[in-house]
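In: turn this into a model:
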Amino acid sequence: MDTWLEIEEFCRVTNLSRERVEEMAKEGTLRSKTQEGKTLIEASSGANAVISKVETSVISAASAPLDTTFVEKTIGTILSLHEKVLEAKDESIGSLKGENQFLKEALFSMQDVYDEDKKTIQALREQLKIAQEEIEFMRRKYKLMWGKVADLSPKGAGEGKE
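Out: Below you'll find the predicted structure:
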């Protein structure tokens, strides 16, 4: 997962000038993009660029002693970038947990609706069965009383066929 920082924030974290960061982005050392008129720098590419810059400096100055402030700034930069990445990951995890909780609640709600619909369907089936039994009872009663059976189909309704 990529973490993008605004160029000003990246400059502040890395203690590099804006011109140097823009130059590194043009060289391809840093991954950058422009979004909503703002230049964004990808944090992990920045960490890799700073680390490779330190490695180059260490190799070229192998015999010369390193400036302690430079090393401290580099380590501070790496730690700051690492903290930003961790914060972004924590934020992503939090949003995923919230989304999962929402989906879980929606699923429980759908299960409740399904159970209620199932009960309603069962009640309607019972009512239909009772109504059919009453109709059959009325047919037998009518036949006994009048000797006829009522045809309840639409084409024969009201004709009273035997």
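
In: all strands of the chain, in order?
Out: 4-6, 32-35, 38-42 (DSSP state E).

In: dump these into TSV; add mean neighbour count, mean pLDDT and distance to residue 73 as well.
Out: Where you see a C-beta, it was placed from the backbone N, CA and C, and this is true even at glycine. Output for those, formatted as TSV (neighbours: other CB atoms under 10 Å; pLDDT from 0 to 100; distance: least, CB to CB, whole Å):
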stretch	mean neighbour count	mean pLDDT	distance to residue 73
strand 4-6	17	80	17
strand 32-35	12	84	22
strand 38-42	19	83	17
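
In: I'd like these laid out as JSON lines, including distance to residue 91.
Out: Shown next, in JSON lines, are the strands of the chain (distance: least, CB to CB, whole Å):
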{"stretch": "strand 4-6", "distance to residue 91": "13"}
{"stretch": "strand 32-35", "distance to residue 91": "18"}
{"stretch": "strand 38-42", "distance to residue 91": "16"}
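
In: between those, which gets nearest to residue 136?
Out: When the strands of the chain are compared by CB to CB, strand 32-35 sits nearest residue 136, at 73.9 Å.

In: so what strands line up beside the closest one?
Out: Take DSSP bridges as the rule and strand 32-35 pairs in its sheet with strand 38-42 (antiparallel).

In: show residues contacting the partner strand.
Out: Outside of strand 38-42, the residues within contact range by CB atoms under 8 Å, 6 or more residues apart in numbering are 2-7, 10, 21-22, 25, 30-34.

In: for that strand, what is the distance to the chain centroid?
Out: 24 Å (CA atoms, centre = their mean, to the nearest Å).

In: same deal with stretch 111-121?
Out: Using CA atoms, centre = their mean, the offset of stretch 111-121 from its chain centre is 28 Å.

In: in that stretch, what's buried?
Out: Buried residues in stretch 111-121, counting neighbours by 16 or more other CB atoms under 10 Å, are absent.

In: got it, and stretch 79-96?
Out: Within stretch 79-96, the residues that count as buried by 16+ other CB under 10 Å are 80, 81, 84, 85, 88.

In: pLDDT and distance to residue 139 for these - can I get that in JSON lines?
Out: What follows is those, written out as JSON lines (pLDDT from 0 to 100; distance: CB to CB, whole Å):
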{"residue": "80", "pLDDT": "87", "distance to residue 139": "88"}
{"residue": "81", "pLDDT": "89", "distance to residue 139": "86"}
{"residue": "84", "pLDDT": "89", "distance to residue 139": "82"}
{"residue": "85", "pLDDT": "90", "distance to residue 139": "80"}
{"residue": "88", "pLDDT": "90", "distance to residue 139": "75"}
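
In: brilliant, that's me finished.
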